[in-house]
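Peer 1: sharing a model prediction with you, sequence too.
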Number of protein chains: 2
Amino acid sequence: MPIEIPDVVIDRLPVYYRLLSRLENEGRSVISSQELGDELGVTPAQIRKDLSYFGRFGKQGRGYSVPRLAEELRFILGLDRRWRVVVVGIGRLGRAISSYPGFEGQGFDIVGRYDTAPGIVGTTLDGAEIFDAARLEADLRRAPVDIGIVAVTADAAQAVADTLVRGGVRAILNYTPARVQVPEDVELKHINPVVFLQSMTYHLKLRQRDRAHAE
Amino acid sequence: MPIEIPDVVIDRLPVYYRLLSRLENEGRSVISSQELGDELGVTPAQIRKDLSYFGRFGKQGRGYSVPRLAEELRFILGLDRRWRVVVVGIGRLGRAISSYPGFEGQGFDIVGRYDTAPGIVGTTLDGAEIFDAARLEADLRRAPVDIGIVAVTADAAQAVADTLVRGGVRAILNYTPARVQVPEDVELKHINPVVFLQSMTYHLKLRQRDRAHAE
């Protein structure tokens, strides 16, 4: 089993999959690593190296089979089945996440939305009732969930993560700026917009410096 | 100038910086690559390699100076100055982004919020007026902006990106699922929650398979 694959490679696979899925829908049958690289803004060597972790998809000089590679990535990434997701915290961010149009089509079913605020609990969002977070753990035990999305305030994030873990959730996507601790057998990812902005300002600053040097 | 640094390394620097900034606030003066690695869940070798791109921060066997490394990362990442940001699209997601508590403290000032909906334009959000997107380009020309955050619907994303680019914005953070094209000298990042979920389901699936094999 391919268990030694670096996380940075795993993180790029969904991006490859998105492109291949689009090409598949457009009826493309073959694509070269050069074309894949051009589309994604990475080098063909990087693409060949990344995909080599998962076996031999391409034939030397003939490119990759688009449907075979898409199918294989679907399997590798677990997109050949559906995943049950809960969103905890239905403030502005939780509302935006719950309504994100891309989840359902990719196999992610939001099966529960939870909050603690009396003005929010019991109301509906996109036709689904928002439940009291007090019943989250019991709900998880009754009907297991794969992924928990945490969109509460930073100070509540750890308690929510603990509840999810106690309820058997093994993957948590943390949208709060809080550092959250989970057991080793739980997958944890952060979405922090500041981190994205900071890697862009690195490039902006470098360019401004280059321009200043050139003048 | 360090212009050959891989993007994957750049993307990790904000994570290093966050940790070092916290350690600095806690009064730590020195940290080893082993401890940094333990905190961040990566190997010490990875940390030494990443930081080696930016010069010699550590002394063999003595660890890194926390304040010096934090200061250097602040400079490298452009966090020693302030950046002007606009948010375009003030629906659920745009509201959540505009209210994100982490921006201001990290040097990112949201100087404009724009939408097109008659019911939204002219209202206020956290005390700031929401402007008509029709005036975005003129506003950008009058008072240049560094970063544009796109939180409109997918079908409007390219037009908004084009307007931002015409207005001189050189970094775009795209929250829509749409693929957006920008000129080569514009930095572009996507935040797509599905991509995060998919790299987690890879790990979930692998574990389930391992468990099935073990049984």
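Peer 2: Received, thanks.
Peer 1: around A:Gly105, how many other residues sit close by?
Peer 2: 9 (other C-beta atoms under 10 Å in any protein chain shown). Yep, even glycine has a C-beta here, placed from its N, CA and C like the rest.
Peer 1: please pull out the lowest mean pLDDT helix or strand from chain A.
Peer 2: strand A:58-59 (a mean of 60; mean pLDDT, DSSP states H and E).
Peer 1: what is the subsequent helix or strand relative to it?
Peer 2: strand A:63-65 (DSSP states H and E).
Peer 1: neighbouring contacts of that following strand?
Peer 2: If you take C-beta atoms under 8 Å, 6 or more residues apart in numbering or on different chains as the criterion, strand A:63-65 is touched by A:29-33, A:35-36, A:51, A:57-58.
Peer 1: now whichever helix or strand comes after it: how far from the chain's centre is it?
Peer 2: Going down the chain from strand A:63-65, the next helix or strand is helix A:66-76, by DSSP H and E. Distance of helix A:66-76 from the chain centroid (C-alpha atoms, centre = their mean, to the nearest Å) equals 18 Å.
Peer 1: pLDDT at A:Glu39, what is it?
Peer 2: pLDDT, A:Glu39: 83.
Peer 1: what do you get for the one 4 residues further on?
Peer 2: On pLDDT, A:Thr43 comes in at 84.
Peer 1: next: A:Val15.
Peer 2: pLDDT, read off for A:Val15, is 86.
Peer 1: thought it was touching B:Val195?
Peer 2: Yes - when contacts are counted by C-beta atoms under 8 Å, A:Val15 is listed as touching B:Val195 (6.5 Å).
Peer 1: more neighbours, the two?
Peer 2: B:Val195 (21 against 17).
Peer 1: now do the contacts for that one.
Peer 2: A:11, A:14-15, A:18.
Peer 1: one more: A:Tyr175?
Peer 2: Neighbour list for A:Tyr175: A:89, A:93, A:97, A:149-151, A:190-191 [criterion: C-beta under 8 Å, 6+ apart].
Peer 1: 6 Å instead, please
Peer 2: A:93, A:151, A:191 (C-beta atoms under 6 Å, 6 or more residues apart in numbering or on different chains).
Peer 1: also near chain B: which of the residues you listed, exactly?
Peer 2: Subset of the contacts of A:Tyr175 in contact with chain B: A:Leu93, counting by C-beta under 6 Å from any C-beta of the partner chain.
Peer 1: of the contacts of A:Tyr175, which belong to helices?
Peer 2: Using DSSP state H, A:Leu93 are the members of those that sit in helices.
Peer 1: give me the buried entries from the contacts of A:Tyr175.
Peer 2: Buried by 16 or more other C-beta atoms under 10 Å in any protein chain shown: A:93, A:151, A:191, out of the contacts of A:Tyr175.
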